[in-house]
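Chemist: I need the structure of the sequence given here:
(chains A and B)
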Number of protein chains: 2
Amino acid sequence: MPMNQQIILKSRPQGKATVDNFEMREVAVPVIKAGQVLVRHQFLSLDPYMRGRMNEGKSYAAAQPLDSVMIGGTVGVVEASAHDNFQPGDTVVSMGGWQTYSVVDANEPGAIRKVSTSHVPASAYLGPVGMPGVTGWMGLTQICKPKAGETLVVSAASGAVGSVVGQLGKSMGCRVVGIAGGAEKCLYVTQDLGFDACIDYKAQADSKSLYGALKAATPDGVDAYFENVGGVIMDTVLARTNPFARIAVCGLIAGYDGAPLPMNNVTLILVNRLTIQGFIVSERMDLWPEALKTLGEQVAKGKLVYRETITEGLANAPEAFLGLLKGHNFGKQLVRISA
Amino acid sequence: MPMNQQIILKSRPQGKATVDNFEMREVAVPVIKAGQVLVRHQFLSLDPYMRGRMNEGKSYAAAQPLDSVMIGGTVGVVEASAHDNFQPGDTVVSMGGWQTYSVVDANEPGAIRKVSTSHVPASAYLGPVGMPGVTGWMGLTQICKPKAGETLVVSAASGAVGSVVGQLGKSMGCRVVGIAGGAEKCLYVTQDLGFDACIDYKAQADSKSLYGALKAATPDGVDAYFENVGGVIMDTVLARTNPFARIAVCGLIAGYDGAPLPMNNVTLILVNRLTIQGFIVSERMDLWPEALKTLGEQVAKGKLVYRETITEGLANAPEAFLGLLKGHNFGKQLVRISA
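Modeler: Residues are numbered from 1 along each chain as shown, chains lettered A, B, ... in the order given. So this is what the prediction gives:
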């Protein structure tokens, strides 16, 4: 049996994360015990939340311990099973981490899930039919709650989460406006994802110009905002809010890698009686089955489209992750670990 | 009949408001028509929201027009009535503005309300049994929603709104911690209002010291926060929030008179899955009767205590208002306009 390659957190970032914070190592593939399943990973999901785990101190989850394998969602194939529900060859989703193989205790609730690849590709279970898709569905349906005819704005619109939010928003009858970085991403957001408009924030000279572009795209103001970014983009969207707008705070990636960014338009919380709510998808596991059912059906029917950036080989995961933090990915960032 | 003295908005503030933004004038007292009531004001309420109205541009209410009488809540006595429901001598609450007399169209819904002074003093209808009291009740019961045993923090704790919030919070079984400016106010908050603790923010050398004091007073963290102030105080309380804390944004007085202040701890919205909601008491008129009933009963029974700063004479209203913005008042700021 081959060795298990792993990427561990070697050191905590001082300011921006670098490749030196990671280290590759090889260990023996463990032998499974009763109730366990050995999974060979095909795809690893890279997600912005991982940056928070690299820091010491308070986040919504415990910090990633030093010298331990970086955590992460994976889809893979069962190689060996000592649990009746899983057979070699099954495709499974689990939190396998940044490594080639993992051993999962299949009796632990929610630890491993068998999925069908007959209508949905395996990688989609890390994207629109996985954590990012459920995240978009949850923030939209539980916090943004847009009504038909309202205007919904989505930042990081071409990303794994934002692309789902916008497409679901369109199906709910909203005017949907995306914000993304680059002309190519914006073209994808309007042409492929069907958003009504998309603002390329990188094409704006300053925050005033960004506001002007957003104003033109949201003539009736903003009723709901799905926030992935923070900083200047958040302040600009707040400045376009209508009374009683709802803001789901899913991510603040602009401030993850270095100093957190302030919110300057605080007064608008009062003036426009805004509701701003942070959420984390893993704390409402009760909603996942409904979300996954909806998302799986939409992907299988081709009604929910998505895009992936696939980096080849586990060794390239650190660089791909750093690129994700800078917005270099286009759609869901994955790492192909094995065929 | 004497003349009607009025204070008008003469000019808009450039930065901080000054007495030069106001002007006193005298006009004839109008003659009432059918359906109208002439009210002689006893007390004028001064409230932080008035500062927002002095600015041009978007606020939650239309800007106060230049050369018009400053708006404001009043309690007074009916001098003449051409409406069956009101008789001379009745005590009434209305939005009479910064002037000695006003004419109210009594057929306009919500424009004028007759009150009893047998168990509740007239001035209390501008405080705990009026707009400030209902504001506190509403933010607490509709947004903060604290459970018994939870920790509730209230800024501007000795003020007209904050004092009500904290006393109601105590009656709901919460640990209640106030923040106020000055040792005298803090003593009042703990001894007279019955809060569990009060932090004198003026006694803190810096934000770190403020955080230390708040930490000591909130050993179990903060579950609900009633925000009247903003700026450093808001950021400090956010830093003590527990997961799923609720923050009712009622006022941001620290940023009213000059440049608005940023929120620096934005990341905590996500990390602690906070809900931050702005509200304005006038948009839920359906809740006022229930609130006023509760508050009136509590004041009549002496269970809800309050304090007033009464400035004598309409001419001194501008100076009293500027003092209010700096926290010079102690409890509800009123102006006695006539006996």
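Chemist: show me the contacts for the residue positioned nearest the centre of chain A.
Modeler: Against the mean C-alpha coordinate of chain A, by C-alpha atoms, centre = their mean, the closest residue is A:Pro132 at 4.1 Å. Going by C-beta atoms under 8 Å, 6 or more residues apart in numbering or on different chains, A:Pro132 touches A:Ser45, A:Asp47, A:Leu126, A:Gly159, A:Ala160, A:Val161, A:Val164, A:Lys332. Backbone N, C-alpha and C define where each C-beta goes, glycine included.
Chemist: which of those residues are buried?
Modeler: A:Ser45, A:Asp47, A:Leu126, A:Gly159, A:Ala160, A:Val161, A:Val164, A:Lys332 (16 or more other C-beta atoms under 10 Å in any protein chain shown).
Chemist: thought the last one was touching A:Tyr125?
Modeler: The one in question is A:Lys332. No: using C-beta atoms under 8 Å as the test, A:Lys332 is too far from A:Tyr125 to be in contact (10.8 Å).
Chemist: which neighbouring elements make contact with the lowest-mean-pLDDT helix or strand in chain A?
Modeler: Least confident helix or strand of chain A, by mean pLDDT, DSSP states H and E, is helix A:49-54 with a mean of 92. If you count contacts as 3 or more C-beta pairs under 8 Å, 6 or more residues apart in numbering or on different chains; DSSP states H and E, helix A:49-54 packs onto no helix or strand.
Chemist: who touches the next helix or strand after it?
Modeler: Sequence-wise, the next helix or strand downstream of helix A:49-54 (DSSP states H and E) is strand A:74-81. Outside strand A:74-81, the residues within contact range by C-beta under 8 Å, 6+ apart are A:32, A:36-45, A:86-97, A:101-102, A:106, A:115, A:122-123, A:125-126, A:130, A:337-338.
Chemist: okay, and which of these map to strands?
Modeler: Among the contacts of strand A:74-81, DSSP state E puts A:36-45, A:91-94, A:101-102 in strands.
Chemist: pull out the buried members of those.
Modeler: Judged by 16+ other C-beta under 10 Å, buried ones among the ones in strands among the contacts of strand A:74-81: A:36-45, A:91-94, A:101-102.
Chemist: in chain A, which spans are helices?
Modeler: A:49-54, A:131-138, A:160-171, A:183-187, A:207-217, A:231-238, A:267-271, A:288-300, A:317-325 (DSSP state H).
Chemist: tell me which residues in the longest one are buried?
Modeler: When neighbours are counted by 16+ other C-beta under 10 Å, the buried residues of helix A:288-300 are found to be A:Trp288, A:Ala291, A:Leu292, A:Thr294, A:Leu295, A:Gly296, A:Gln298, A:Val299.
Chemist: which residues touch the residue nearest to A:Glu319 when sequence neighbours are not counted?
Modeler: Distances taken as C-beta to C-beta, 6 or more residues apart in numbering or on different chains place A:Val19 nearest to A:Glu319, at 6.1 Å, with adjacent residues excluded. For A:Val19, the contacting residues are A:Pro318, A:Glu319, A:Leu322, by C-beta under 8 Å, 6+ apart.
Chemist: with pLDDT as new columns, can these be given to me in TSV?
Modeler: Formatted as TSV, the contacts of A:Val19 follow (pLDDT from 0 to 100):
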residue	pLDDT
A:Pro318	98
A:Glu319	97
A:Leu322	96
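Chemist: buried subset of those as a ChimeraX selection?
Modeler: Per 16+ other C-beta under 10 Å, the buried members of the contacts of A:Val19 correspond to this ChimeraX selection:
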select /A:318,322
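Chemist: closest to chain B among the contacts of A:Val19?
Modeler: Checking those against chain B with C-beta to the nearest C-beta, the nearest one is A:Leu322 at 19.9 Å.
Chemist: distance check, the closest residue to that closest one other than its chain neighbours against A:Asp47.
Modeler: Nearest residue to A:Leu322 in three dimensions, chain neighbours excluded: A:Ala17, at 6.1 Å (C-beta to C-beta, 6+ apart). A:Ala17 sits 14 Å away from A:Asp47, going by C-beta to C-beta, to the nearest Å.
Chemist: over to A:Glu79?
Modeler: A:Glu79 sits 25 Å away from A:Asp47, going by C-beta to C-beta.
Chemist: next one: A:Leu322
Modeler: On the measure of C-beta to C-beta, A:Leu322 and A:Asp47 end up 13 Å apart.
Chemist: what does A:Thr218 give?
Modeler: Applying C-beta to C-beta, the value for A:Thr218 to A:Asp47 is 28 Å.
Chemist: and the stretch 151-300 of chain A, which residues reach chain B?
Modeler: Residues of the stretch 151-300 of chain A lying near chain B by C-beta under 8 Å from any C-beta of the partner chain: A:230, A:234, A:243, A:249-252, A:255, A:260-280, A:283.
Chemist: go with 10 Å
Modeler: Counting by C-beta under 10 Å from any C-beta of the partner chain, the positions of the stretch 151-300 of chain A adjacent to chain B are A:227, A:230-231, A:234-235, A:239, A:243-244, A:246-247, A:249-252, A:255-256, A:259-280, A:283.
Chemist: coming back round to it: where do the contact lists of A:Lys332 and A:Tyr125 overlap?
Modeler: The contact sets of A:Lys332 and A:Tyr125 overlap at A:Phe43, A:Ser45, A:Gly133 (C-beta atoms under 10 Å, 6 or more residues apart in numbering or on different chains).
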